[in-house]
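*Asks:* build me a structure from this.
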Amino acid sequence: MVSRSCRCRCSTASSSCWARSSRGGCGGGLPPSPSPAFPRSTPAASLPGRERETDAALRAVYRLKGRSEAKPLAVCLGRVADVYRYCHVRVPEELLKDLLPGPVTLVMERSEELNKDLNPFTLLVGIRIPEHAFMQDLTQVFGGPLALTSANLSSQGSSLNVEEFQDLWPHLSLVIDGGPIGDGQSPECRLGSTVVDLSVPGKFGIIRPGCALESTTAILQQKYGLLPSRASCS
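*Replies:* Numbers count the residues shown, from 1 in each chain. Model (predicted):
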């Protein structure tokens, strides 16, 4: 399985490859994650086998991380244009381009193009576009969204270099070292991406403050006039 993502980790294709790379401060780097959330438009003849592989890959990611299967996985894309294929977008395209690529996860209503085995318990999906050329290229070469998670055990702090999750190496098919994330000293570097719910027109909800909260909320409120929802966390 391959991987790519932003600030967090991500991977793609099977269930055990955590790729890690970085670029700049918090949110710029990437590590690993899970499996391909291939589009529903896959030729019918190839669906059964691919669906079984994807389901097995997703289950392996949850098992490896010790993560509850009730906790959804985000997906990683390579271009803003791809967001429209996998989500029902209710914000201006300029807003998407102001936030992506970057250390932000945007939560929107999923479209029918996403594999039904990915987060079957919710109509929403988190979208990431990494601020890293390698991860963007990887996603486009793969040709579809990649399931995404951080390179650590669930509830543990985010890793900033590959050595910090070396206890997981024996369970992974591939580890790509792209260098450390940030300077390794700033606490913000371990906060992960800022997660924003944009599923309700005219409003936004902060699900996780993350490392880009101030700049993100400024764009949403001051530039686009979105109102914070009551569900936003502070």
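*Asks:* biggest helix in the protein by residues?
*Replies:* helix 47-65 (DSSP state H).
*Asks:* next, the buried residues of stretch 60-69.
*Replies:* Neighbour counts over stretch 60-69 (16 or more other Cβ atoms under 10 Å) mark 60-62, 64-65, 67 as buried. (Each C-beta comes from the backbone N, C-alpha and C, glycine too.)
*Asks:* meant to ask about stretch 81-89, not that
*Replies:* 82-83, 86-87, 89.
*Asks:* out of those residues, who's nearest residue 212?
*Replies:* Closest approach between the buried residues of stretch 81-89 and residue 212, by Cβ to Cβ: residue 83, at 17.7 Å.
*Asks:* return the per-residue confidence for the closest one.
*Replies:* Per-residue pLDDT puts residue 83 at 97.
*Asks:* ditto for the one 10 residues further on
*Replies:* At residue 93, the pLDDT value in this model is 97.
*Asks:* tell me if I'm right that it and residue 80 touch.
*Replies:* Yes - counting by Cβ atoms under 8 Å, residue 93 touches residue 80, with 7.2 Å between them.
*Asks:* of those two, give the one with the bigger neighbour count.
*Replies:* Between residue 93 and residue 80, counting by other Cβ atoms under 10 Å, residue 80 is the more crowded of the two (16 against 12).
*Asks:* mind checking the SS state of the residue lying closest to that one once chain neighbours are set aside?
*Replies:* Leaving aside its chain neighbours, residue 80 sits nearest to residue 96 (5.1 Å; criterion: Cβ to Cβ, 6 or more residues apart in numbering). For residue 96, the assignment made with DSSP: H, G, I helix; E, B strand; the rest coil gives helix.
*Asks:* for this structure, what spans make up the helices?
*Replies:* Per DSSP H, the chain carries helices over the ranges 47-65, 80-86, 93-99, 133-142, 213-218.
*Asks:* distance to residue 105 for those helices - can I get that in TSV?
*Replies:* Output for the helices of the chain, formatted as TSV (distance: least, Cβ to Cβ, whole Å):
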stretch	distance to residue 105
helix 47-65	17
helix 80-86	12
helix 93-99	10
helix 133-142	14
helix 213-218	10
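*Asks:* which of the ones you listed is buried the deepest?
*Replies:* helix 133-142 (a mean of 18; mean count of other Cβ atoms under 10 Å).
*Asks:* what about residue 167, neighbour count?
*Replies:* Residue 167, neighbours per other Cβ under 10 Å, totals 9.
*Asks:* quickly list what the spatially closest residue to residue 207 that is not a sequence neighbour is bridged to.
*Replies:* Spatial nearest neighbour of residue 207, chain neighbours left out: residue 195 (4.1 Å); criterion: Cβ to Cβ, 6+ apart. With DSSP bridges as the criterion, residue 195 is bridged to residue 105, residue 208.
*Asks:* hmm, back to that, weakest of the helices of the chain in terms of mean pLDDT?
*Replies:* Looking at these, the lowest mean pLDDT belongs to helix 47-65 (a mean of 79).
*Asks:* and it, what other elements does it pack with?
*Replies:* Counting contacts by 3 or more Cβ pairs under 8 Å, 6 or more residues apart in numbering; DSSP states H and E, helix 47-65 is packed against strand 146-148.
*Asks:* what about the strand it packs on, distance to the chain center?
*Replies:* Centroid separation for strand 146-148 versus its chain: 6 Å, with Cα atoms, centre = their mean, to the nearest Å.
*Asks:* still on that earlier bit, from the buried residues of stretch 81-89, which two are the most distant?
*Replies:* 82 and 89 (11.1 Å).
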